[in-house]
Each structure stands twice: as C-alpha cells, then as structure tokens.
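Undergrad: quick check, what structure comes out for this input:
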Amino acid sequence: MSKAKQYQLQMTQEIITMLKDSELKGFEYPWCGGDFQPLNPVTNKTYQGGNVFWLSIMQTKYNYEYNHWATGKQWKSIGGSIIAGSKSADRLQRVITPFIRKDEEDKEYLAGFGASCVFNRDQIENIPPVIKPIKESPIKLRKKIESWINKLNMEIKHTTQPRAYYNKTDDYIHLPNLDMFHRQDGYYSTKFHEIIHATGHESRLNLDLKSKSKVKEYAIEELRAELGASFLCAKFGLKMDRREDHAIYIKSWIKALENNYELLWQSCKDAQLAIDWCDKQTDVQLERKVA
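TA: Below you'll find the model as predicted:
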C-alpha cells in the first residue's frame, strides 16, 4: 500500500471515530466546524475537495485560530520557521493531492494520489500578522448568496411545511420558509444540501440519484450532499448546521466507510464536481486551486 493510501486510510479511520463519537453528541457531524475555506497563504490559493473538510476538521480539533495551511518548505520560503515541538504527521495534518497525467491522445486521467504534511499558521513563527477578514452583514451576505443561487436556474419552493427535500421527479427543491429556521446559517446550509442533490438531475450532472428504498445507496447520496453543503458553507463563510433528520444515516456511513476507505474521498470528489458545476453556471471565474 502506498503512503498516500495509508494516509487516506488513517484519515478515514479518524472520521469513523468522530462519527461514532457524534452519535453521543446529538448527531453533530464532525465537519460542522470552521466557517472559512482553508487557505494556503503562501500561494494564496484555497484548498478543494476532501482537503476542505479535512483541514477544517483539523482546525477545529486542535483549536487553531486560522484555517491557513502550507508545507514546512512553503512557510520557510516566506521567512517562517516551525515552532519547536510542533508536529504535522503525528496529528494527521495532511493534504491529499491527485496526480493527473495525459495519455497518448492528450486526455487527462487520474494516475493516483500523493500526500503532503502541512503545518497550520499557529505552528509557525516569524511571519507577518493576519489581516482578519471582515464578515459581511447578514443582509449583504444573503443578497450575495441569493444572487449566486438565482443563476443556477433551479426551481425552489417555500411553504410552511417543516420539511426540506429535493423532488427529482418534478425537479424542484422544497424548503420551509426562512423565518422557520433558528439561524440564517441553518437555512442556507439546508438549502445548499438540497442544491447538491439537484445537481445530480439528468439535465445537469446526470447522476444516478438513489431512492430512499435503497437505504445504503441513498445514505451515500446524502453523504455527498452533506459534504457539498459543508464546502459551500466554507465558500460563503457560514457555519454548517447539523441535520437531525439525517442522523439515521450515520450508522450507514460508518459501515460503508469501514468497508471502503476510499469512499469518503470519492464522495468529496463528487461533491466538488457538483460545486464546480454550480460555479460554471454562475460565471464564477475560478483560479487554479490547491489540491
């Protein structure tokens, strides 16, 4: 087994432990932490895919002030030095990098994964202080998010019915009215979850959306939607609200991950594809991202 696969296995085992622990804490998902997308401040690029939720988990677990990560070599390139006693590998602070190659027909294909150890800004000294981002007002942020959502051209219905769901047959999203949510963050994390579901429609990514009768497959689709929602919350600087109506899937996720440690990273990849599709529709000019 390659080192990258060993790291993936270790990281998945850590997630399984957290999921089991979450059952004792009211089913709060371990990726409901950090509210800003992880950033490499040396390259000024954001991380993506599974690294988004993994680094956010590490930030929360070790109580780091910032979600800023880079390799020791990168920190050194800007004059930084690792604080004595700081550890990376022992803390599972890693990023997984896909190796993309081109075949004889110049088509790209995945040739495997690599893994790099990274250090958080809190573990580095002799670097410039951070200019803290100013959080937008709830009203301004809501306008920004709604503008982004409107460009997706998805039908979204609101009623007093206390259920959120995506109707794949008629291709529409249903949400309770905004004033029925305790927080704006909760409303949008729920809305993002259903949007990720909707990206699988045949007119979009054309995924095989499973019915609720196929519990195992449906639970995996729920995992894709939850991860995608967490990525979007990080994108807009929101906190992910737990969804107690999906607590029953935790046991299914644990079992699925125990049987296939690569499933988590595949789900992250699928969630990232959904977000990339959304960004394409909203004309977001994406810069080259960190893995």
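
Undergrad: now do the contacts for the residue nearest to the spatial centre of the chain.
TA: In the chain, the residue lying closest to the centroid (CA atoms, centre = their mean) is residue 231, at 3.4 Å. Residues counted as contacts of residue 231 (CB atoms under 8 Å, 6 or more residues apart in numbering) are 37, 48, 52, 53, 271, 272, 275. All C-beta spots, glycine's among them, are computed from the backbone N, C-alpha and C.

Undergrad: hmm, the fifth one is touching residue 224, no?
TA: In other words, residue 271. Yes - assessed by CB atoms under 8 Å, residue 271 is found in contact with residue 224 at 5.3 Å.

Undergrad: now for the two: what residues contact both?
TA: Shared contacts of residue 271 and residue 224, counting by CB under 8 Å, 6+ apart, come down to residue 196.

Undergrad: how many other residues sit next to residue 155?
TA: If you count neighbours by other CB atoms under 10 Å, residue 155 ends up with 11.

Undergrad: and residue 85, what element?
TA: Assigned by DSSP states H and E, residue 85 falls within no helix or strand.

Undergrad: tally of neighbours for residue 250?
TA: Using other CB under 10 Å, the number of residues around residue 250 comes to 18.

Undergrad: now swap in residue 239 and tell me
TA: With neighbours defined by other CB under 10 Å, the count for residue 239 comes to 16.

Undergrad: likewise for residue 188?
TA: Residue 188 has 26 nearby residues by other CB under 10 Å.

Undergrad: can you list the buried residues in the helix or strand where residue 194 lies?
TA: For residue 194, the enclosing helix or strand under DSSP H and E is helix 184-198. Of the residues in helix 184-198, 185-198 count as buried by neighbour count, 16 or more other CB atoms under 10 Å.

Undergrad: export that helix as CSV, just CAs?
TA: Written as CSV, here are the backbone C-alpha positions of helix 184-198 (Å, rounded to 0.1, in the frame of the first residue of the first chain):
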residue,chain,number,x,y,z
GLN,A,184,-29.7,32.2,8.6
ASP,A,185,-26.7,29.8,8.5
GLY,A,186,-29.1,26.9,9.2
TYR,A,187,-31.3,28.0,6.3
TYR,A,188,-28.5,28.2,3.8
SER,A,189,-26.7,25.0,4.9
THR,A,190,-30.0,23.2,4.3
LYS,A,191,-30.6,25.0,1.0
PHE,A,192,-27.1,24.1,-0.1
HIS,A,193,-27.7,20.5,0.8
GLU,A,194,-30.7,20.3,-1.5
ILE,A,195,-28.9,22.2,-4.3
ILE,A,196,-26.2,19.5,-4.3
HIS,A,197,-28.9,16.8,-4.6
ALA,A,198,-30.4,18.8,-7.5
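
Undergrad: re earlier: now tabulate the contacts of residue 231 in a markdown table and tack on neighbour count.
TA: Below are those laid out as a markdown table (neighbours: other CB atoms under 10 Å):
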| residue | neighbour count |
| --- | --- |
| 37 | 20 |
| 48 | 19 |
| 52 | 26 |
| 53 | 27 |
| 271 | 26 |
| 272 | 19 |
| 275 | 24 |
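
Undergrad: and those residues, which is the shakiest by pLDDT?
TA: Ranked by pLDDT, the contacts of residue 231 bottom out at residue 53, which scores 79.

Undergrad: show me the contacts for it.
TA: By CB under 8 Å, 6+ apart, the contact list for residue 53 reads 31, 227, 230, 231, 268.

Undergrad: export the helix or strand where it lies as CSV, just CAs?
TA: Using DSSP H and E, residue 53 maps to helix 50-61. Output of helix 50-61 as CSV, limited to C-alpha atoms (Å, rounded to 0.1, in the frame of the first residue of the first chain):
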residue,chain,number,x,y,z
GLY,A,50,-11.7,16.4,0.6
ASN,A,51,-9.0,18.7,1.8
VAL,A,52,-11.6,21.4,2.5
PHE,A,53,-13.4,19.4,5.2
TRP,A,54,-10.3,17.6,6.4
LEU,A,55,-8.3,20.7,7.2
SER,A,56,-11.4,22.4,8.7
ILE,A,57,-11.7,19.3,11.0
MET,A,58,-8.1,19.6,12.0
GLN,A,59,-8.5,23.4,12.7
THR,A,60,-11.4,22.6,15.0
LYS,A,61,-9.8,19.6,16.7
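
Undergrad: mind checking what helix or strand follows it in sequence?
TA: Moving toward the C-terminus from helix 50-61, the first helix or strand encountered (DSSP H and E) is strand 69-70.
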